[in-house]
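# task: produce atomic coordinates for the following.
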Amino acid sequence: MKVLVLSDIHANLEALDAVLEDAGACDETWFLGDAVGYGPDPEACVDRLLELAPRHWLAGNHDWAALGRLDVSDFNPDARRAADWTGERLLGARREVLLACEPRADIPTLGITLVHGSPRHPVWEYILNAQVAHESFDAFATAICLFGHTHVPALYEQGLDGTLRLPVAPDEGQCPEEDARWLVNPGGVGQPRDGDPRASYMLLDTATRTFTLRRVTYDIERTQAKILDAGLPPRLAARLTYGW
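Numbering: from 1, shown residues only. Here you go, the predicted structure:
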C-alpha cells in the first residue's frame, strides 16, 4: 500500500497543492496534525484534507489552539495572533472535523504508531534531540512511530538492545532493519524549519516498510502576499523564504 504521509500544513494552500501534485495517486493519506496555524488559508486547507479523506487525521497543537482546546499562553505573540485569526474562520463542518481529531493513532496491524508531537505527549512535546528520542521509544510498542510538530525531517533509530543510534537525515528508500525500531518525521508541508524552504513530505510503502522523503518547490511569494493581505504578522511571511 502506498501511503502519503503529511504533517504541519499550517494553512499553506500553495505548499499543500504542490505536494499533492508531486505525490500523485496514493492508496491512503495519513496526516500528523496542524492543518492550520500560521498560514492564510485555513478553510481551504481543511477542505482539501476533507477531499483527501485521510485514513488517519491527527490533531496538532495549532489545531487545538485555534479551536480553544489549548492554552496559548506559551505561544509567541505571532502564533497567538494567528491562532485567534484562524479560530474566527473555522466554523461549521470544518470546525467539527477538527474537533473530532485526536493527537495519536496506533495501527498495530502494520506495526506503526502515529503522533503529532511525541508518543509521550502527543500534542505538545518536541522530539528535537537524541535524549528526548531515547525516552520516547518507551512510549510506543510498534516498530515505527511517525511524528511531526518540529517541521524538520528526522530519523532516530533504536537497536533491540535499547541503544540509540545517532539520528540521521532520512534518505530515500530506507526501511528499519530487523533489529531496529524507528522514530521518523516527514518534515513540514507548510512551514519547513530545517533551512530548506521547499515543502517536505513522505511516501510510505507499508508492504516493504520503506519510505521516500520528498521536497517540493511551491509559490512562496503568493503565500507570503496572502499572509500580509490577511493582516497576519509579517514575520510569518518572511520566515517562509528561509525555511526557518
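
# buried set for stretch 203-212?
The neighbour-count check on stretch 203-212 (16 or more other Cβ atoms under 10 Å) flags Leu203, Leu204, Thr206, Arg209, Phe211, Thr212 as buried. C-beta here means a position set from N, CA and C on the backbone, and glycine is covered the same way.

# which one of the residues you listed is nearest to Glu102?
Leu204 (20.4 Å; Cβ to Cβ).

# let's verify the closest one: helix, strand, or coil?
strand (DSSP: H, G, I helix; E, B strand; the rest coil).

# begin at 20 from now on, thanks
With the count now opening at 20, the last piece we talked about shows up as Leu223.

# and it, what pLDDT?
Listed pLDDT for Leu223 reads 94.

# pretty sure it is touching Val22, no?
Yes: taking contacts as Cβ atoms under 8 Å, Leu223 lies within contact range of Val22: 4.3 Å.

# now Gly87. Nearest residue, chain neighbours left out?
Gly106 (6.5 Å; Cβ to Cβ, 6 or more residues apart in numbering).

# again, but for Ala84
Using Cβ to Cβ, 6+ apart, the nearest residue to Ala84 is Ala102, at 4.1 Å.

# before we move on, what about Asn31?
Asn31 sits nearest to Gly209 (Cβ to Cβ, 6+ apart), 3.0 Å away.

# what's the local residue count around that neighbour?
Residues lying near Gly209 (other Cβ atoms under 10 Å) number 30.

# list the contacts for it?
Each residue near Gly209 by Cβ atoms under 8 Å, 6 or more residues apart in numbering is listed here: Asp27, Ile28, His29, Ala30, Asn31, Ala34, Leu35, Gly56, Tyr57, Gly58, Cys64, Ala218.

# now these in TSV, with distance to Val203, pLDDT and secondary structure?
Formatted as TSV, the contacts of Gly209 follow (distance: Cβ to Cβ, whole Å; pLDDT from 0 to 100; DSSP: H, G, I helix; E, B strand; the rest coil):
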residue	distance to Val203	pLDDT	secondary structure
Asp27	14	98	coil
Ile28	18	98	coil
His29	20	98	coil
Ala30	24	98	coil
Asn31	22	98	coil
Ala34	20	98	helix
Leu35	20	98	helix
Gly56	22	96	coil
Tyr57	23	97	coil
Gly58	24	98	coil
Cys64	23	98	helix
Ala218	17	98	strand
